[in-house]
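**Q** fold the following, please.
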Amino acid sequence: MNTFYDIQITDDHPILRGKFMPKKLKKKLPNTRQDQFALIKKQSNALQKLHKNEGKLHIFSSQLTRLIDAIPDAVLLKDRDGRKLVTNRLTKSLFKLHDIDWYSKTDITSAFAHPEIHADHEHDHRTLKSELGLALEKRQFQLYYQIQVDGNCKMIGAEALLRWEHPQYGVLTADQFIPIAEQTDLILPIGAWVLKTVCEQLRLWQADPLKKKLQLAVNISPGQFNSPGFAEQLRRMLEETGVNAKRLKLELTESLMLHDLSNTIKKMKALKQLGVRFSMDNFGTGYSSLSQLKKLPIDQLKIDPFLMRDIAIDTGDALIVKTVIAMTNKLEIDVIAGGVETEPQFACLKQLGCSAYQGYLFGKPIPLDEFEKLINPTDIAFRIK
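**A** Predicted structure coming up:
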């Protein structure tokens, strides 16, 4: 854990007997705001099991680190050396509360954007599940667009990101409700709406000389991709809209692609015959082997944002990214860095040979009308520099 964050992991009861903790604080600890943010593993011995596998520990550590970073300093207790004290109980509740899978790559920081959702988590989980079924009918879904640029900061496209304009909680990000949709068949109509909206948007851009070369990337959930009629559904959408399929890029997670490799390859090849492009999302923290990558008909690797965090100061992260970029060059696959937030990160990535970028440094996800105001290549490059 110390590799990712300077924290101290403790058991629940030992922390109450901590050497540096005042007695009054010990009595109040169970009622502190720690429980409000609480999250943890599904089984008490999971952490010990994770220690036996460095790869899994890496994923767990990255999830927990992102979570701890999102918790205000005033909420967590610290020891004499200033290290945050994170209990097993706190960790377990965190993962459970936000429906985060041990090995998923969900960005958990956004889960704190609406703390009122978690005040009565079980109740609100059921409420969101019932309201999710009506969200399409009530037209509460909207796509936000996050710019993607080349090394000269020129716009090359965007990623379309789903948002739910909830009447009570405000704008919810996909990771706050898609896991619920995945548990039901709701993921199919929601996913279909997203794809149809993306295709219709590409059709409109196709008729505009300034926008016709822009690409749109969209994340496809496992439930949607694995549904029997997915390929045919997308084929019909492309045919009905008359969109140039080469402008559409489907982002699939590494775990989805490798779950049933033969069937995944078959479905991907069928869609690639139509012109559709594929990107492996959040690459770099999973378990792909080179032999598996060579089999997959992918067009792009999207480097995991987690590797961006310390790339300018951590030679280990920089070496990993350099290796990934060199590998994509050998395989003749495009590469894009996700989660680029600072100028030093951008400069380091350019030096390593990265060719495309996405992240808050260039722009956050915004509604369509705001995004289209940016579609001027000259202004974009000038604004970012």
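**Q** where in the stretch 51-200 of the chain is pLDDT low?
**A** 51-125 (pLDDT under 70).
**Q** show me where the stretch 51-200 of the chain has strands.
**A** 84-87, 141-150, 155-166, 170-173 (DSSP state E, counting those that start in this stretch).
**Q** over to the stretch 201-350 of the chain?
**A** Under DSSP E, counting those that start in this stretch, the stretch 201-350 of the chain gives strands at 215-219, 248-253, 277-283, 300-303, 334-337.
**Q** and residue 178, which of the ones you listed is closest to it?
**A** strand 215-219 (9.0 Å; CB to CB). All C-beta spots, glycine's among them, are computed from the backbone N, C-alpha and C.
**Q** nearest to residue 313, of the strands of the stretch 201-350 of the chain?
**A** Nearest of the strands of the stretch 201-350 of the chain (CB to CB): strand 334-337, 16.0 Å.
**Q** helices or strands up against that closest one?
**A** strand 300-303, helix 315-331, strand 356-358 (3 or more CB pairs under 8 Å, 6 or more residues apart in numbering; DSSP states H and E).
**Q** who touches the shortest one?
**A** Put plainly, it is strand 356-358. The contact list for strand 356-358 (CB atoms under 8 Å, 6 or more residues apart in numbering) reads 146-151, 156, 159, 302, 334-340, 346, 349.
**Q** and residue 303, how far is that from residue 277?
**A** Distance of residue 303 to residue 277, given as CB to CB, to the nearest Å: 17 Å.
**Q** my bad, should have said residue 175
**A** 24 Å.
**Q** what's near enough to touch the closest residue to residue 342 other than its chain neighbours?
**A** Take residue 342 and drop its neighbours on the chain: the residue closest to it by CB to CB, 6 or more residues apart in numbering is residue 361, 6.3 Å away. By CB under 8 Å, 6+ apart, residue 361 lies in contact with 340-343, 345-346, 384.
**Q** cool, residue 300 as well?
**A** Taking CB under 8 Å, 6+ apart, one finds 249, 277-280, 333-336 in contact with residue 300.
**Q** tell me the bridge partners for it.
**A** Judged by DSSP bridges, the bridge partners of residue 300 are residue 279, residue 334.
**Q** try residue 143
**A** The partner residues for residue 143, given DSSP bridges, come to residue 162.
**Q** that one against residue 196, yeah?
**A** No - the pair residue 143 and residue 196 fails to qualify as a contact (CB atoms under 8 Å) at a distance of 10.8 Å.
**Q** one step back: adding distance to residue 187 and mean pLDDT, write the strands of the stretch 201-350 of the chain out as TSV.
**A** TSV is the format used below for the strands of the stretch 201-350 of the chain (distance: least, CB to CB, whole Å; pLDDT from 0 to 100):
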stretch	distance to residue 187	mean pLDDT
strand 215-219	12	97
strand 248-253	14	95
strand 277-283	17	91
strand 300-303	21	94
strand 334-337	25	96
